[in-house]
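Enquirer: based on what follows, work out the 3D shape:
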Amino acid sequence: MMSSRHQLIILSQRQFEPMSAALLQFASYHSTTISTSDHQKKKPSMSTKDFRYCVELVKNRDRESYLCGLLMPYNARRSFFGIRAWNVELASIKDGSALNRNKGEQANVALQVRIQWWREALTKIYDSQQQSENKNENHSTTNNNYKIDDAFFSISETLDASYFKNPIVRVLDYAVHEKQLTQRFLERLSEARETDLHNQQPETITDMVEYADNIVSSLLYLTLETVDVRDESVDVVAQHAGIGIGLATALRGVRFRLARGECSIPKEFFPEQFPYYKLMYTNNNIDLNEDEESPDNNISIDEENILNEVEREQLKDAVKRVCILAYSHLSKAQELQSTVPSHARMCFLPIIPALHHLSKLENAEYDIFDESLLEHDNLKILALLGRTWLTGVF
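Expert: As a prediction, the model looks like this:
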C-alpha cells in the first residue's frame, strides 16, 4: 500500500493546483508577518512596513520570484525578499531607460548616477557594522580622543542615514546582518547590472553566459546563505542553475528588449550581414501601422522591413542554440541535486519556470514571435512549484 507521501508525489497536475493555491494563501499570510522576538535581537532597523514594501515590489515586477519566495522556509523569507527587491530595483534602472534612450548622454549619466547610489548604499550597509564595532572599541580602550571620535561617528552616521531612509536598503541591511550575506556576491550582481547599462547585444555566447552567471548565480549563492548553506559542492549546482536560468530569462525577454532597440541573442550566432533592424519591425509587440514611418530610421513598415523566411530560420537557429545550452546547464544542476541538503532544495525553485519557458519555446519551434509565448501560465507554474515544494525534487 502506498504511503501518503507517495500518493502526493503521483497526483496529477490538475490536482496540485488547488493544493498549491491553498499553500500560496497560507504562505502569503506568513510572508508579511515578522516575529517580534526575532526582530528585537538584531541591531538593524526594519519594520513590517519595509518588508511588505519589498514583497509588493517583487510581486509586481518579478512574479515568479515572488511565488518562489512564498515557498521558502519562513526564517529565510525576509532575507530572500530583501535580496530580490534589491535585484529588481537595479534591473528597473535599465528597464526604465527605454523611455529615455533618445535623450543621449544626459540620460546615460542619470542612469549611471542612479546605479551608483545603490552601489554606495551597499557599501554603507557593510561599513555600518564595522563603524559600530570600531566605535565600541574606541570607547572601551581610551577616552583621550573621546570627543573627536564621537564627532567623527556622528557625522558618519548622519551621512549613512540618508541611504537608510530607503525601505529596500533597510531590509537588505537586516538580511546582511541576520544571515551574514557575502558582500562580494551583492557587488558582483551590482557590477553586472552597471555594465549592462551600456550593452545593446552580447558579442559572444561567452559574454551571455558570463552575464547570466554574474546575475543569477549570485542570487542563488545569496539565497543559499539565507538557509545557512555555504558549501562548494552546492555552489557548483547553483552555478549551473544560475547560468541556465539566466539564459532562459534572456530568451524570455527578447521581445521586450527588441521593443527598445536591443537584442539579447549573441551576434556570433547570426550571419555577419543579418538585418537586425528588421527584428524590431517583425516584433508584433510593436503596434505600428503599415504606412507609418519609424521616427528613428525613417523606414516605412512594409514587407521589405520584416524578416523573410530565410532570416526567420536564422533567428530560430540562434534561439535554439541558446535554448540547448540553457537546457544543458539546468540538466546538470538536476543531476547534481543529490549534493544539495533537503532544506536547501527550495533555493532552486526558479529552475522550474525556466524549464517551463524553454519547453514552450521548443513547442513553438524556437520562434520568439509565436503568440503562445505571450500567454500567462501563472496557475500552471504555481502547480509545478507546488509539486517541487512537496517532493523536494527540482
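
Enquirer: distance from the chain centre to the host helix or strand of Ser218, please.
Expert: Here Ser218 sits within helix 218-226, counting by DSSP states H and E. With CA atoms, centre = their mean, to the nearest Å as the basis, helix 218-226 stands 11 Å off its chain's centre.

Enquirer: any idea how far the helix or strand following that helix is from the middle of the chain?
Expert: Tracing the chain past helix 218-226, the next element assigned as helix or strand by DSSP H and E is helix 232-252. Using CA atoms, centre = their mean, we find the averaged C-alpha position of helix 232-252 to lie 11 Å away from the chain's own average C-alpha position.

Enquirer: now do the buried residues in helix 232-252.
Expert: Across helix 232-252, burial judged by 16 or more other CB atoms under 10 Å covers 234-235, 237-252. Bear in mind the C-beta positions are built from the backbone N, C-alpha and C, glycine included.

Enquirer: same check, this time on stretch 178-198
Expert: Buried positions in stretch 178-198, judged by neighbour count with 16+ other CB under 10 Å: 178-179, 181, 185-186, 188-190, 192-194, 196.

Enquirer: check stretch 202-219 too.
Expert: Using 16+ other CB under 10 Å as the test for burial, stretch 202-219 gives 202, 205, 208-219.

Enquirer: and stretch 205-218, average pLDDT?
Expert: Per-residue pLDDT values over stretch 205-218 give a mean of 97.

Enquirer: look at it and report the distance between its end residues.
Expert: The first residue of stretch 205-218 is 19 Å away from its last residue (CA to CA, to the nearest Å).

Enquirer: list the contacts of Arg193.
Expert: Arg193 makes contact with 90-91, 93-94, 115, 215 under the criterion CB atoms under 8 Å, 6 or more residues apart in numbering.

Enquirer: TSV for the buried residues of stretch 178-198, including secondary structure, pLDDT and distance to Ser47?
Expert: Converted to TSV, those look like this (DSSP: H, G, I helix; E, B strand; the rest coil; pLDDT from 0 to 100; distance: CB to CB, whole Å):
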residue	secondary structure	pLDDT	distance to Ser47
Glu178	helix	93	15
Lys179	helix	95	19
Leu181	coil	96	20
Phe185	helix	97	26
Leu186	helix	96	22
Arg188	helix	95	29
Leu189	helix	94	25
Ser190	helix	93	25
Ala192	helix	94	30
Arg193	helix	92	27
Glu194	helix	91	30
Asp196	helix	88	32
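
Enquirer: give me every residue that touches Leu307.
Expert: 275, 278-279, 282, 315 are the contacts of Leu307 under CB under 8 Å, 6+ apart.

Enquirer: the same query, at a cut-off of 6 Å, please.
Expert: Residues in contact with Leu307 (CB atoms under 6 Å, 6 or more residues apart in numbering) are 278, 282.

Enquirer: swap in Glu64?
Expert: Pro353.

Enquirer: picking that back up, buried members of the contacts of Arg193 into PyMOL, please.
Expert: Those of the contacts of Arg193 that meet the burial criterion (16+ other CB under 10 Å) are gathered into one PyMOL selection, given here:
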select buried, resi 90+91+93+94+115+215
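
Enquirer: where does pLDDT dip in the protein?
Expert: Applying pLDDT under 70 to the chain flags residues 1-45, 96-107, 129-160, 284-302.

Enquirer: how's it carved up into domains?
Expert: What automatic domain parsing lists as the domains of the chain is 32-195, 199-394.

Enquirer: which non-adjacent residue is nearest Ile306?
Expert: Nearest non-adjacent residue to Ile306, counting by CB to CB, 6 or more residues apart in numbering: Thr282, 5.1 Å away.

Enquirer: quick check: angle from the helix holding Ser218 to helix 232-252?
Expert: Using axes from the mean of the first three to the mean of the last three CA atoms, to 10 degrees, the direction of helix 218-226 lies 140 degrees away from that of helix 232-252.

Enquirer: nearest residue to Thr195 other than its sequence neighbours?
Expert: Going by CB to CB, 6+ apart, Thr195 has Tyr211 as its nearest residue, at 7.9 Å.

Enquirer: please report the distance of the one you found from Asn308.
Expert: As judged by CB to CB, to the nearest Å, Tyr211 and Asn308 stand 30 Å apart.

Enquirer: again, but for Glu232
Expert: The spacing between Glu232 and Asn308, counted by CB to CB, is 50 Å.

Enquirer: again with Glu262
Expert: Distance of Glu262 to Asn308, computed by CB to CB: 22 Å.

Enquirer: same drill for the two, tell me which one is more crowded.
Expert: Here Glu262 and Asn308 are compared on neighbour count by other CB atoms under 10 Å; more neighbours surround Glu262, at 20 against 13.

Enquirer: pull out the buried residues from the host helix or strand of Leu315.
Expert: Element membership of Leu315, judged by DSSP H and E, is helix 309-335. Buried residues in helix 309-335, defined by neighbour count with 16+ other CB under 10 Å: 311-312, 314-316, 318-319, 321-323, 325-327, 329-330, 332-334.

Enquirer: so that helix versus helix 232-252, what angle?
Expert: Here helix 309-335 runs at an angle of 160 degrees relative to helix 232-252 (the same axes, to 10 degrees).

Enquirer: could you say what helices and strands helix 309-335 packs with?
Expert: The elements that helix 309-335 packs onto, with contact taken as 3 or more CB pairs under 6 Å, 6 or more residues apart in numbering; DSSP states H and E, are helix 232-252, helix 351-363.

Enquirer: I'd like these as JSON lines, with distance to Gly82 appended.
Expert: Written out in JSON lines, the entries for these read as follows (distance: least, CB to CB, whole Å):
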{"stretch": "helix 232-252", "distance to Gly82": "19"}
{"stretch": "helix 351-363", "distance to Gly82": "21"}
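
Enquirer: with Ser342 as the reference, name the closest of these.
Expert: The closest approach between Ser342 and any of these, judged by CB to CB, belongs to helix 232-252 at 11.9 Å.
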